[in-house]
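Engineer: Got a predicted structure here, sequence first:
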Amino acid sequence: MATAVPSIACLGIIGRNNKPLHTTIIPTSTDAQTGSPIPLRTPLQFSLLLSSTLDIFESRARHASSSNTLLSGDFGLLHAVDERLAAYGYETNTGVKFVVVVDMRGRMLDLSSKTGGVGAAGGGGGTGGTGVGLREGELKVVFRAMQTAYVRLLQNPFYDPDEHEGRGGKRITSRKFAQEMRRIGELWVPGSATLG
Amino acid sequence: MDKYPRGSLDHNLPLLVVSGLSTGPTKPLLTDPDLREQGVLIRSEIPPVESREAKTILQYVQETDATHLPWHSRDVSRKHKFKIRTIGREFLLPPRNARLPDEFETPLSPPVLHSPFSPLSPGSTLYPDGLIDTRWLEKHQDLIPSVCLCFYSLTSDSSLATLHDNQLKTDINALKNALSQSGHKCRLAVVILSDQSPSSMDVFQDRLENIRKSTALDPKTSLFVLPTQRAETELESAIDSVLTALFSQATEYYRDLGRHSRKKKGRGIAPQPTIPPTSGTSHTLSLQGWNVRYDFKAAVFSEFRQEMEVAQRSYEQAYETLLGVDVMETIPSWSSRFNDARLLADIIAIRILRCFLWTGQSTAAVRRWRAHRLRMADFIDRRGRGTQNYGWQAWEARWAETMANLIAKVDYPELDPSNQSLFRPPEKVLSAERLQPWEQLHHQGYWYRTAARHSLDRRKLAYLIPEDDRRPVGASATSPSMIKAYTSYDTYMCPEPYEEYPLNGHGTNHSLQIIEYLNFAKAEFQKRHQPRLVAEVALECSKELESIKAWQPLLELLAPLWRDMSFRAEGWWDINEAMSWALRAGAAHMGNAGLVVAIDWELLNKKFTRRPGWHYDIKRSLDHVQVDRTPEVVINDDQISSFISASFVFKQDEGRAGQTCPAQLSINSNAFAESSPVVLEEIQIDFEGSLRTIRLKHQANSKSVTSSAKNVYVTTIPLVETEISTDDASDEEDSDEDSNEDDSDDASQPPQSVILEGESDLSLLPGHTRVFEMNLPLREAGNARASAVQVSVAPETFTLKYTMKVRETNTVGSWYTIDGRKKITRVNPQSIKVLPRPPKMEIRFVNALKQYYAGEPIQVEVEMVNEEDVDANTKLDVHLYGLDVPAFKVHVTGGAVRSSVASGEEAKLNGMPVGTISQSQSEKATITVDPVNRPTAYDLTIKAWYNLVSDPGTPIVQIVAFQLNIVNPFEASYDLVPRLHDEIWPSLFDHEGVQELAGEDDGIIQPQGLAQKWCLITRFGSFAAEDLTILDLDVKVLSTHGSARCVASKNQAIPPNGLKMAPKTMEEAHFDVVAQKLSLDDRASSTADLAFSITWQRSSNCATTTNSPSMPNITTFLIDPFYVTVSEPRVLASVSYSTTSPGSPSSHPSSAPLQLLVLNVTIENPSSHFLTFGLTMEPSDAFAFSGAKTTTLNVLPLARRSITYRLLPLVRGAWIRPTLVVRDKYFQKVLKIIPTEGMKRDVEGILVWVPEEAELQSKDRMKKPQDIEGPGDPSEGNETSGNEEVEV
């Protein structure tokens, strides 16, 4: 019996001024005709999804400032747009935001031990029929890896972060960075301890 | 949720029928005509209570109705929840048992009758094998009250008391009987209202007791007495306690019913219907079906009791049984009971969800929600028509919507819009589990959005219905496809395929459904400050609006979003693009040209993705758009981000008014490479500050474009000043003159109306950068910056004006040259600092001198030359700075004279009127500074303030500074050497002379004392930088100390036209100073203060300055005091020369005449002692002498004696040294011999000069080769006679 396992569908880096700096879309669905992997949503839809998380970043920041609580970098679950896609967020000290969109059914794993399936959905157990869920903070490792990659990008003397902010800013064009993002997105499974 | 049968999903509350308060007609409980016929009438004969209090009570009771309370149990203060129905005095209860059908013949045994709502009764819709339907729910919720509350009044009139009380008792008992006979177990409760106050109720105690006894009502649970004579709040709390008591009654009532259900389930047999079914199938409800029914009933009764957890367990049981193998699995999918069972499953599931939500288990609720969906999908796939059809998606949409409605009803405080969170955290027990993110209950907006998405899928599937199935059912009823359609489409709660998407006419309006869901979602997102998500939903919404061609709503929806789109500012280009295209379609249909053009303008940017087949030509923007007139569209770069970017660069960061500064405007196009070139009609550059607006106009085919590398085209445009006709065209004639005028003369005209114009070809190809180089005339001083660049496009159909702000950035501007790009290193190159117009008034110092000398009045002449093109009104400020500034005066030629006052370090004279200086004329002023006596330096600053006659408002300043260097023209040094006074000293013994003179008393004391003579030798050098003419030299005796008279006299004449002194030369002057003591008795030495003054003038400047040569300057030096009389004896040596006459007897053959030197040694004894001196003359090789070789000389007090030696020098032209020793015999002290004229001394003694023969012969003045210069005294030499010893 195949069990759905969450996987990353999209990684987004959003700049200090809410500018999209980078988006990596990872196919988590399969084309009905050809069977080849395709992204679950269109790039436009992923853009909309990433941008909609900004509402939440802003609202939580507002809330934190009004209630005088310190906001830690990890925002945890931002929101789930539907049963499959959920966005998790992280904000660095410099206001750069990392958003991970997880497809809760991005991968199918053959787990012979699991016999749940749709038939046993009534119990509402953690994995019953709908696949593996996520614990609080399971994406920390992704954010850490993304931050490491971003810091590495910043260390490149030819990368000027100011160029990417402000009017008509550029996006991140580093191929190495994009590869790293893709690698992180493809490598992660729930419970990964490290993505190094 | 509204689509489910009415009442099926309502939360069940105990029904309370309140009777006897309202007099008006009330809605009957039982409306079904069939049941009404059989209904049991419950009626009270006593008229309703009509009092003010009764109305208050009624109103309060009605307000406590709990039907619309949110579905949660957080409000713990509320002790009772009722659904309250108020009636008059009568109501109908439904019949306990159904009737037998009329046509049915009476069976042998009496039939067992069942409830009309039971599947056992033939008249029921459920007969024979239905499970349960909403009519049963309706029965308990709306028809059969748990408690019937009757209000009566207790009369306080004692005469009527008995009668009234008896009526009351009868009525209550009648009611009780009627209720018990109906078969329903409704409770009866009675409230007796009294018009007394609670304290005065004691008198009625007996009557009340009587009523209680005869009606057998319990005063705690069913008989209440309410004295109404009290405050309203007290009354309300009394009613509250009544209702609370009733609520426990109601709970009991429903508990009994629940127990009854369980008892029936516990029997474990399926009851037989009243009549076995004969028509259709003979299938009756199975035992498992009955168990579903019993469990459901038990659950509902638990809900009536507000015991949600118990209810949930029962519901789960019912649900499991229903979906178990024996109930739903056995129902064939073609049967109508199939959908009934699905409906029941939905209802049970929703009720379970409510129980979860009620108890705060939101995550469990989401799981349950999904579990039901999966279970149903699985079931439909196996037993029904599958999930790949529109019917399933319709259900999915409904299922999501149901959850949204439930969430709204439950009203979690965590999901309140005022709260920040968008979802509810999981229950504590679950928080450690692996959770699906969706299981954290999100607010309704997300669920509505899910519903919308399923509606989209529904439409997609509906559109896949083949045409055969979309024909109306009547047209081809017998076609085989009908049967197929019947079996392959899930029509559970949705229309048949020919209604869903009919071949002809309108079917289900999917778009409206979707839009409705999206609008719900949008409202929720809006409430929770999720503007970006709102925009996203709006974008989805717009697609639907587009599909139903609702252009106006689309425009209203998107236009505001498009205008202040955060996506644009934040660079989400794809979203920006999607929204733009969506809006453009609407705007084009609505004829909103402004939006269409603006969007087209924005979408030309190549950062957007290219839409295939699109023309990308701004000129064709309004093709196929209905506009009534040529629209003018004005947009700026805050509104949209265009493909055109502009920058403006001044070449220099500073310029002067009246000059020009080169500047470049570069316009860059980032349009799609295939797009048509944009021909700009006009470019306008606006400036902040003093610069004039530039307007560049398009002129086709002007061939001034210079190509350069990388698609950069530099064009030089000459600018012409043009006056634009702001209000009328009368100024046009002037424009030619203005434009011909070269420079700055039109400063008096208002600058707003004058612009700079240029012409060029302004077409802009995609990817190109056009650079327009211009020479900007700078007009006024101040800071100026380019603020905005406006480009206009004006094809035939519209006019577009796009304004770009030139922003203050820290980026470095670029200056383009024909060769390539050259960076300008400064930041903010769009601004320039215009310095004031350089003054063209010239101030010149006429004949200013490098140096001025102490003691002379300083005259500085200033000439102001007006080199402006017009006359200038001028004023003059003169400032003099320095230490101890002297006063000065200024004289303007032909005008005023004003003087300044000296004050410390600054002397000034402001606003000296000069008057109008005509063009290219000049005016002079003379500044005269009072003489200064010491060397110093002053700064002289002259400011000329002037206004041009043409522009009196602008003051122009010219400043000239000049340094006055004042130096001493001379330096002098002094020497006072003794001389032999040749008058005879007064005799000590001449008492007459002494007496006589001493007796005189005519004011001036004739000195009688010893006189001594000195020679003051002054050496002065010229420190001036030029030749000076010495007119006179003088020594003045300023004062004497020590009672002596001192007279100085010049012994040397100055040439009549002065002695010319070159710079850095020295001159020497000798003065005789004769000092005489006033009294002979006074023998103390005395001193004199002398002053040396030089009268001089400049020798070179006489001709050029007005400083007239007749005013010589006098420079005076003060000399340190000298001793002019001494009291010690001294030895003065003097020499005189004599020559033997040519015819003298002593003839040395052919030798030159022998020269004799006469050396007189004079010993002065001003003391009062008698002194004896020994003189010794040593012989020498250099001369022979005659005179006493050794002798003794006695000198009397106040007397002097001379001794003469004749020397015959043996050398010529050399110094000889007579070694003469004068020794004071008494003190054994050698006296120093002091030389006088023609002599000198060194350490060993005195020296006498022997001149050459020629010198003597010519009898000229003797010139000494060395520094001692002094003419010999020729008068003395002749008397020398050699009568003493001559030694050779």
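Structural biologist: Done, it's in. These numbers come from a predicted model, not from an experiment.

Engineer: which helices and strands does the longest helix seen in chain A pack with?
Structural biologist: Determined from DSSP state H, the single longest helix within chain A is helix A:43-67. Packed against helix A:43-67 by the contact rule (3 or more C-beta pairs under 8 Å, 6 or more residues apart in numbering or on different chains; DSSP states H and E) you find strand A:2-14, strand A:20-25, strand A:74-80, strand A:85-91, strand A:97-110, helix B:531-547, helix B:566-570, helix B:573-590. Backbone N, C-alpha and C define where each C-beta goes, glycine included.

Engineer: buried sites along the fifth one?
Structural biologist: Going by neighbour count (16 or more other C-beta atoms under 10 Å in any protein chain shown), the buried part of strand A:97-110 is A:Lys97, A:Phe98, A:Val99, A:Val100, A:Val101, A:Val102, A:Asp103, A:Met104, A:Arg105, A:Gly106, A:Arg107.

Engineer: Identify the residue nearest the first one in space, chain neighbours excluded?
Structural biologist: Sequence neighbours aside, A:Ile14 is the residue nearest to A:Lys97 in space, at 4.3 Å (criterion: C-beta to C-beta, 6 or more residues apart in numbering or on different chains).

Engineer: List the residues that contact B:His184.
Structural biologist: Contact partners of B:His184, counting by C-beta atoms under 8 Å, 6 or more residues apart in numbering or on different chains, are B:Val40, B:Leu93, B:Arg96, B:Ile144.

Engineer: Highest neighbour count among these?
Structural biologist: Among the contacts of B:His184, B:Leu93 has the most neighbours (other C-beta atoms under 10 Å in any protein chain shown), with 25 neighbours.

Engineer: and that one, what are its phi and psi?
Structural biologist: phi -100, psi 140 (degrees, to the nearest 10).

Engineer: Please name the bridge partners of it.
Structural biologist: Note on B:Leu93: beta-bridge partners B:Val40, judged by DSSP bridges.

Engineer: wait, what's in contact with residue 4?
Structural biologist: Because you didn't say which chain, this covers chain A. Going by C-beta under 8 Å, 6+ apart, A:Ala4 touches A:Met104, A:Arg105, A:Gly106, A:Arg107, A:Met108, A:Leu109, A:Thr130, A:Gly131, A:Val132.

Engineer: not what I meant, chain B
Structural biologist: With C-beta under 8 Å, 6+ apart, B:Tyr4 has these contacts: B:Leu343, B:Asp346, B:Ile347, B:Ile350, B:Thr402.

Engineer: Which members of those residues occur in helices, if any?
Structural biologist: B:Leu343, B:Asp346, B:Ile347, B:Ile350, B:Thr402.

Engineer: so what's B:Leu223 closest to, chain neighbours aside?
Structural biologist: Nearest residue to B:Leu223 in three dimensions, chain neighbours excluded: B:Leu217, at 3.7 Å (C-beta to C-beta, 6+ apart).

Engineer: Pretty sure the one you found sits against B:Val225.
Structural biologist: No: contact between B:Leu217 and B:Val225 fails when scored by C-beta atoms under 8 Å: they sit 10.9 Å apart.

Engineer: what sits opposite the residue nearest to B:Ile724 when sequence neighbours are not counted in the beta ladder?
Structural biologist: Residue nearest to B:Ile724 in three dimensions, not counting chain neighbours: B:Ile755, with 5.5 Å by C-beta to C-beta, 6+ apart. Legend: beta-bridge partners of B:Ile755 under DSSP bridges are B:Thr722.

Engineer: Pick the one among the contacts of B:His184 closest to chain A.
Structural biologist: Among the contacts of B:His184, B:Ile144 lies closest to chain A (C-beta to the nearest C-beta), at 33.3 Å.

Engineer: sec struct for the closest residue to that closest one other than its chain neighbours, please.
Structural biologist: Closest residue in space to B:Ile144, ignoring its immediate chain neighbours: B:His184 at 5.3 Å, by C-beta to C-beta, 6+ apart. Secondary structure assignment for B:His184 (DSSP: H, G, I helix; E, B strand; the rest coil): coil.

Engineer: re earlier: can you pick out the residue with more neighbours from B:Leu217 and B:Val225?
Structural biologist: B:Val225 (22 against 19).

Engineer: In three-state terms, label that one for me.
Structural biologist: At B:Val225 the chain is in strand, as set by three-state DSSP.

Engineer: where's it relative to B:Val292, distance?
Structural biologist: Here the criterion is C-beta to C-beta, to the nearest Å. By it, B:Val225 lies 46 Å from B:Val292.

Engineer: And B:Leu9, by the same measure?
Structural biologist: Distance of B:Leu9 to B:Val292, computed by C-beta to C-beta: 17 Å.

Engineer: These two - which one has more neighbours?
Structural biologist: B:Val292 (30 against 21).

Engineer: Now do the same contact list for the more buried one.
Structural biologist: B:Leu131, B:Ile132, B:Ala318, B:Thr321, B:Leu322, B:Val327, B:Leu344.

Engineer: could you redo the last one with a cut-off of 10 Å?
Structural biologist: B:Val292 is in contact with B:131-132, B:265, B:285-286, B:317-324, B:326-328, B:341, B:344-345, B:348, counting by C-beta atoms under 10 Å, 6 or more residues apart in numbering or on different chains.

Engineer: where does chain A dip in pLDDT?
Structural biologist: For chain A, applying pLDDT under 70 flags the ranges A:1-2, A:70-71, A:110-130, A:165-169, A:196.

Engineer: if you set the cut-off to 50 instead, what comes out?
Structural biologist: For chain A, residues meeting the criterion pLDDT under 50 lie at A:112-129.

Engineer: Spatially nearest residue to the residue most central in space within it (excluding sequence neighbours)?
Structural biologist: Centroid-nearest residue in chain A: A:Val100, 1.1 Å away (criterion: C-alpha atoms, centre = their mean). Spatial nearest neighbour of A:Val100, excluding adjacent residues (C-beta to C-beta, 6+ apart): A:Tyr88 at 4.7 Å.

Engineer: So the one you found is in contact with A:Trp188, correct?
Structural biologist: No: A:Tyr88 lies out of contact with A:Trp188 (C-beta atoms under 10 Å); the separation is 11.3 Å.

Engineer: Nearest residue to residue 82 in space, please, no chain neighbours.
Structural biologist: As the question left the chain open, I've gone with chain A. B:Thr450 (5.5 Å).

Engineer: right idea, wrong chain: chain B
Structural biologist: Excluding the flanking residues, the one nearest B:Phe82 by C-beta to C-beta, 6+ apart is B:Leu16, at 4.2 Å.
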